[in-house]
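S.K.: only geometry, no sequence info:
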């Protein structure tokens, strides 16, 4: 009887702890609730910032991102050459992290409704012990061209060394496949239902 | 087909003369002849350019096709102070016909030439009419490695660069002769499904009707391979020329217009640049893109890799109507005994571009 009482007390206590933890969960997605995302028809994707070792990575990820974003049919993406022309014309010093004023000017010049910036934090092969696998970690911000405000932001990490990699070895997925998955995960966050949590 | 008619007509005239017992004139100006221009070197290393030119000219002569005398062509180039010999603009094409009687011009680009065992070679060629504006009548390409087909006990290995070069040139010459005799376009290689674009957007409705004019501009090159942007542009011109849906503006015309308009595409093809180029060469579409990787290797053990993105801009709407990303490595999808392995970047790139061009045209091979 005493054992049963213990279970009755401990289980609700544990549930309460988990419930508190989930309520305090911090999402990696920010979405401005006041923003009408349906109004965004044309976007400009500026060069991504590159924190990875390989200098060409940002260009590669940006191309994949643009191509797959166009393929969703959700928005029209301006050609990279047109964005480059705008950046040159406005003499934006750091195109990968433009100021709100730069975004407003760029949006007006290119007739874009929003500007997308991105950061590639990690890209390529990671090793742990005898295992290795490809990983990509990136984040994206959608900035409204009219106001220069960030209206959506998300990050995505895919690949890396899994439990099964450690157990059985193997090199994980090809880096291009991992990149596609990471980009698609971002689109799910952008185009999917609003995230739960805070 | 309209484009090819004058070229075929001229060549047919030469063939008829030959059948009547009068051999082709080999010196001086010659009506109906083909001007074989000096080969262009896109390999970034030394390449057997003179040999390429001589071999193709020799094969054409042997088949009874009139070839403009090399001295006459050199004199024309000197007289007109022409230094760029990898293409021709409208004025030069017309002058070539007027002054030498040449009916068409043959341009060959050497993309890769490696003598290290196993040797490797990659070539792209096109036949252009000498009218204003000139039009691409035929285009083809070939990329080979000495270990493409080693066979049993490696008896099929080719270790002699000269032998490989001759095989590659013969293949090009046969394709050209087949075109001159029958008027057929060079067929696109049977690209494996793995070479299709990894993602694409198509908002292009070509419908039925006459071929649509396309100008291909050099791709922006962010790869470590020198002149990879020009290589990709040539491959797209070659594959689009093989499709009846498109009429490709001669690369030399587009280049000249880019120079005249002082257009430098540092970050890629902008809408303003596309509009200007399209207006100058009278094209409905402008095709460009970026090359991220174009890596070959020397020797036996490695894998080439190619990665590029393509954009097609419509002049009328100033909108992107095609956007795609393609990437492959030489060891993608290989099966037992290395079957399906690609040993040159060209061998992959031509299939990747072929698929992209076909899908652009609404065909899904």
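M.R.: Good, I have the coordinates. This is a predicted model, so every value here is computed, not measured. Numbers count the residues shown, from 1 in each chain, chains lettered A, B, ... in the order given.

S.K.: state the next helix or strand along the chain beyond the worst-scoring helix or strand of chain A on mean pLDDT.
M.R.: Least confident helix or strand of chain A, by mean pLDDT, DSSP states H and E, is helix A:2-23 with a mean of 55. Downstream of helix A:2-23, the first helix or strand assigned by DSSP states H and E is strand A:29-31.

S.K.: in chain A, which spans are strands?
M.R.: Listed from the start of the chain, chain A has strands (DSSP state E) covering A:29-31, A:42-45, A:49-50, A:76-77, A:114-128, A:131-144, A:150-159.

S.K.: looking at those strands, which is nearest to chain B?
M.R.: Among the strands of chain A, strand A:76-77 comes nearest to chain B, with 7.3 Å by CB to the nearest CB. The C-beta positions use only the backbone N, C-alpha and C, and glycine is treated the same way.

S.K.: in chain B, what residue is nearest chain A?
M.R.: Using CB to the nearest CB, the closest approach of chain B to chain A is made by residue B:267 at 2.3 Å.

S.K.: residues contacting the closest residue to chain B within chain A?
M.R.: The nearest approach of chain A to chain B comes at residue A:84, 2.3 Å away (CB to the nearest CB). Residue A:84 makes contacts with B:266-268, B:270, as judged by CB atoms under 8 Å, 6 or more residues apart in numbering or on different chains.

S.K.: what does residue B:194 give?
M.R.: Residue B:194 makes contact with B:328, B:332-333 under the criterion CB under 8 Å, 6+ apart.

S.K.: just the buried ones from those residues, in ChimeraX syntax?
M.R.: Buried residues among the contacts of residue B:194 (16 or more other CB atoms under 10 Å in any protein chain shown), as a ChimeraX selection:
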select /B:328,332
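
S.K.: could you save the contacts of residue B:194 as a markdown table and add columns showing secondary structure and pLDDT?
M.R.: Supplementary listing: those in a markdown table, determined by DSSP: H, G, I helix; E, B strand; the rest coil; pLDDT from 0 to 100:
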| residue | secondary structure | pLDDT |
| --- | --- | --- |
| B:328 | strand | 92 |
| B:332 | coil | 80 |
| B:333 | coil | 72 |
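
S.K.: got JSON lines for the contacts of residue B:194, with distance to chain A too?
M.R.: Conversion of the contacts of residue B:194 to JSON lines gives the following (distance: CB to the nearest CB, whole Å):
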{"residue": "B:328", "distance to chain A": "9"}
{"residue": "B:332", "distance to chain A": "8"}
{"residue": "B:333", "distance to chain A": "11"}
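
S.K.: list just the nearest of the contacts of residue B:194 to residue A:38.
M.R.: Nearest to residue A:38, judged by CB to CB, of the contacts of residue B:194 is residue B:328 at 37.0 Å.

S.K.: where does the closest residue to the closest one other than its chain neighbours fall, secondary structure wise?
M.R.: Nearest residue to residue B:328 in three dimensions, chain neighbours excluded: residue B:348, at 5.1 Å (CB to CB, 6 or more residues apart in numbering or on different chains). According to DSSP H and E, residue B:348 maps onto helix B:345-360.

S.K.: that helix packs against which elements?
M.R.: Counting contacts by 3 or more CB pairs under 8 Å, 6 or more residues apart in numbering or on different chains; DSSP states H and E, helix B:345-360 packs against strand B:104-114, strand B:120-129, strand B:136-145, strand B:199-202, helix B:228-241, strand B:285-295, strand B:305-314, strand B:319-329.

S.K.: buried sites along that helix?
M.R.: Within helix B:345-360, the residues scored as buried using 16+ other CB under 10 Å are B:345-360.

S.K.: got it, and stretch B:107-121?
M.R.: Neighbour counts over stretch B:107-121 (16+ other CB under 10 Å) mark B:107-115, B:117-121 as buried.

S.K.: gap between it and the chain center?
M.R.: 15 Å (CA atoms, centre = their mean, to the nearest Å).
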